[in-house]
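Q: just to be clear, the model below is a prediction. Sequence and coordinates:
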Amino acid sequence: MATASRESANARLGAGVGGRGVVTSAVWGAAAGVGASLVMAMYAMVAALTYQHTGFFTPLYHIAATLAPGDAMMESMQSAMAGNSFTFVFGPAALGAFIHMMVGAAYGAMFGVVARLLRCHGAVLVAAAVAWGLVVFAISSWVGLPVAASLLGGGDPIRDMAAMVGYQTFIAEHLLYGAVLGLLLAAPQRNRR
């Protein structure tokens, strides 16, 4: 009888701190992180097209320059200056999108686990995710991107990405990432009630 009630309690709590509940939270967080990274990327691409005038696909090429030559990024920016804002090169665009989604998934998984352990729900979950977006901004700008640039040979375009994009835009992108992450994670909670 005691075992049955313990199993029932564990099921309600998601198998405790070290069990399947944490893994499930990481998976949900990763999925929400991918979704949030896509919204963030769209914002970056619209910003690049409109007020930055660097070319719609340039953010993807910029991210791809972490692992690949920055030729597509430069071509896109030069074309935008000449009036063609939609220069598309499939390989670097796909690589940039993949890198961005995987980084978004990793940060989302981390947040999913932390939010579960802190038992965040509803508006608190969304607010915490927005704050997480600022944390991701800081980690990316001052640790992750410089380390990636050094280890992977991306150089200044990666090391100085936040400055090149503009800090206001880079912060806005990460706040948007956090907001969408929180909303996506809060949605399944609303549906379970």
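A: Ah, there it is.

Q: which parts of this protein are helices?
A: Ranges of helices within the chain are 2-13, 20-49, 58-64, 71-81, 90-117, 122-139, 145-152, 156-159, 161-165, 167-192, based on DSSP state H.

Q: relative to helix 71-81, how tilted is the longest one?
A: Angle of helix 20-49 versus helix 71-81, following axes from the mean of the first three to the mean of the last three Cα atoms, to 10 degrees, is 40 degrees.

Q: show the average pLDDT along helix 20-49.
A: Taken as a whole, helix 20-49 has a mean pLDDT of 97.

Q: in it, what counts as buried?
A: For helix 20-49, a neighbour-count test (16 or more other Cβ atoms under 10 Å) marks 21-22, 25-26, 28-41, 43-45, 47-49 as buried. The way it works is simple: take the backbone N, C-alpha and C, and place the C-beta from them, glycine included.

Q: ok so, going back, of the helices of the chain, flag the one that's most buried.
A: A comparison of the helices of the chain by mean neighbour count, using mean count of other Cβ atoms under 10 Å, puts helix 58-64 on top with a mean of 28.

Q: that helix: how far from the chain's middle?
A: Here helix 58-64 is found 14 Å from its chain centre; the criterion is Cα atoms, centre = their mean, to the nearest Å.

Q: in terms of secondary structure, what does that helix contact?
A: helix 20-49, helix 71-81, helix 90-117, helix 161-165 (3 or more Cβ pairs under 8 Å, 6 or more residues apart in numbering; DSSP states H and E).

Q: what's in contact with it?
A: 41, 44-45, 47-48, 70, 72-73, 76-77, 80, 89, 92-93, 95-97, 99-100, 157, 161, 164-165 (Cβ atoms under 8 Å, 6 or more residues apart in numbering).

Q: do the same with stretch 175-182
A: Counting by Cβ under 8 Å, 6+ apart, 29, 32-33, 35-37, 39-40, 43, 104, 107-108, 111, 125-134, 136-137 sit against stretch 175-182.

Q: and stretch 72-79, average pLDDT?
A: Stretch 72-79 comes out at a mean pLDDT of 97.

Q: residue closest to the middle of the chain?
A: The residue lying closest to the centre of the chain (Cα atoms, centre = their mean) is Gly104, at 2.9 Å.
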